[in-house]
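S.K.: predicted coordinates and the sequence they were generated for:
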Amino acid sequence: MSTCNILSIAGSDPSGGAGVQADLKTFSALGGYGMTVITALTAQSTVGVAGVQEVPPEFVSRQLDTLLTDARVDAVKIGMLADTGVIRAVVKALDAHELPHVVLDPVMVAKSGDRLLAAEAVDAVRADLVPRADLITPNLPEAAALLDENERHDLSSMREQAERLMELGAKRVLLKGGHLSGQSSTDLLVGTDGVTETFSAERIATRNTHGTGCTLSSAIAALRPQRRNYSEAVRDAKDYLTEALRHADELDAGRGKGPVHHFHHWWGDGARDA
Ligand SMILES: Nc1ncnc2c1ncn2[C@@H]1O[C@H](COP(=O)(O)OP(=O)(O)OP(=O)(O)O)[C@@H](O)[C@H]1O
Ligand SMILES: Cc1ncc(CO)c(N)n1
């Protein structure tokens, strides 16, 4: 297979730790060719978000249609969408162009606590995007918001919430346990067959966790066309993220929650099992 083209539809993070910047670094590290449609600019550092400037929805559509009438896209990662207008533009493009392997990271709030999605846009994510994605990757607060329930912090409640997210029309759910406490960081994958798989990794002791969610979802999108199924793509994406977290403290990108380190990874076709 030629190099896979992976598209990120997401916001910009000038600090380079999250958003399209994290996505492009991840795609490159995992052997993909990265493309981006930018939905919003943020003024952001490792300390927090000072402002958000949405791209007008018509211009999000213009970017998508221009790109998608030319390029072959092998997988898509959707991140920050900012508001309902942008969501509508993305939905229109998903309906007009048949895109394989759509991974939706339902980004709502940054690690710093700043909102990246208007509160009233959660309904549109739930109704219009969740059923169109092949995989959704909520963290615990995002799962609670999508379900309109309280946030839960134990594995058996996570399992139940993942099942209820499937009832919203999701094809697969990866419920991320980064916000749990304990020695390991555990995520749950539920598929159409109703089987739940557990992916657990050592919890790395670092404050530098800016962009972990962006990195994981884009790693899954980059690896999915190179793997047999989502289970394998999630396994290898999580290994990639854990290594990037392990080396995060080598960077010096600001005073707050710093980025993970996308250094020299190459896991192209079958490389992991070779
Ligand atoms: N300290 C850590 N050590 C190891 N893995 C972690 C750690 N923190 C988060 N993870 C993993 O990172 C991934 C992202 O999880 P998390 O719940 O932090 O996402 P998120 O809140 O969406 O991130 P973001 O802040 O980028 O939006 C998950 O696979 C989670 O298990
Ligand atoms: C642009 C952007 N997308 C996503 C996140 C989530 O971490 C962020 N902080 N910034």
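M.R.: Arrived safely. Numbering: from 1, shown residues only. Ligands and ions are numbered 1, 2, ... in the order given.

S.K.: next structured bit after the longest strand anywhere in the chain?
M.R.: Identified as the longest strand of the chain according to DSSP state E is strand 33-44. If you walk from strand 33-44 toward the C-terminus, the next helix or strand you reach (DSSP states H and E) is strand 49-54.

S.K.: residues contacting that next one, please?
M.R.: The contact list for strand 49-54, computed with Cβ atoms under 8 Å, 6 or more residues apart in numbering, reads 11, 39-44, 82-83, 85-86, 110, 112, 114, 116. (Glycine included, C-beta is placed from N, CA and C.)

S.K.: hang on, the earlier thing: and the longest strand of the chain with strand 49-54, angle?
M.R.: 120 degrees (axes from the mean of the first three to the mean of the last three Cα atoms, to 10 degrees).

S.K.: partner strands of strand 33-44 and their direction?
M.R.: strand 5-12 (parallel), strand 49-54 (antiparallel) (DSSP bridges).

S.K.: neighbours of whatever residue of the stretch 101-250 of the chain ends up closest to ligand 2, how many?
M.R.: Of all residues in the stretch 101-250 of the chain, the one sitting closest to ligand 2 is Ala110 (3.7 Å; Cβ to the nearest ligand atom). Per other Cβ atoms under 10 Å, the neighbour tally for Ala110 reads 23.

S.K.: residues contacting it?
M.R.: Residues near Ala110 by Cβ under 8 Å, 6+ apart: 18, 44, 48-49, 116.

S.K.: next one: Pro225
M.R.: Listed by Cβ under 8 Å, 6+ apart, the contact set of Pro225 reads 1, 4, 6, 74-75, 100-101.

S.K.: returning to what we had before: against Pro141, how distant is the residue of the stretch 101-250 of the chain closest to ligand 2?
M.R.: Relative to Pro141, Ala110 is positioned 11 Å away (criterion: Cβ to Cβ, to the nearest Å).

S.K.: so which of the contacts of Ala110 also contact ligand 2?
M.R.: On the criterion Cβ under 6 Å from any ligand atom, 18, 44, 116 are the entries of these that sit beside ligand 2.

S.K.: can you put those residues in CSV and add neighbour count, distance to Ala222 and pLDDT?
M.R.: Formatted as CSV, the entries for these read as follows, by neighbours: other Cβ atoms under 10 Å; distance: Cβ to Cβ, whole Å; pLDDT from 0 to 100:
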residue, neighbour count, distance to Ala222, pLDDT
Ala18, 31, 16, 98
Gln44, 25, 23, 97
Leu116, 23, 22, 97
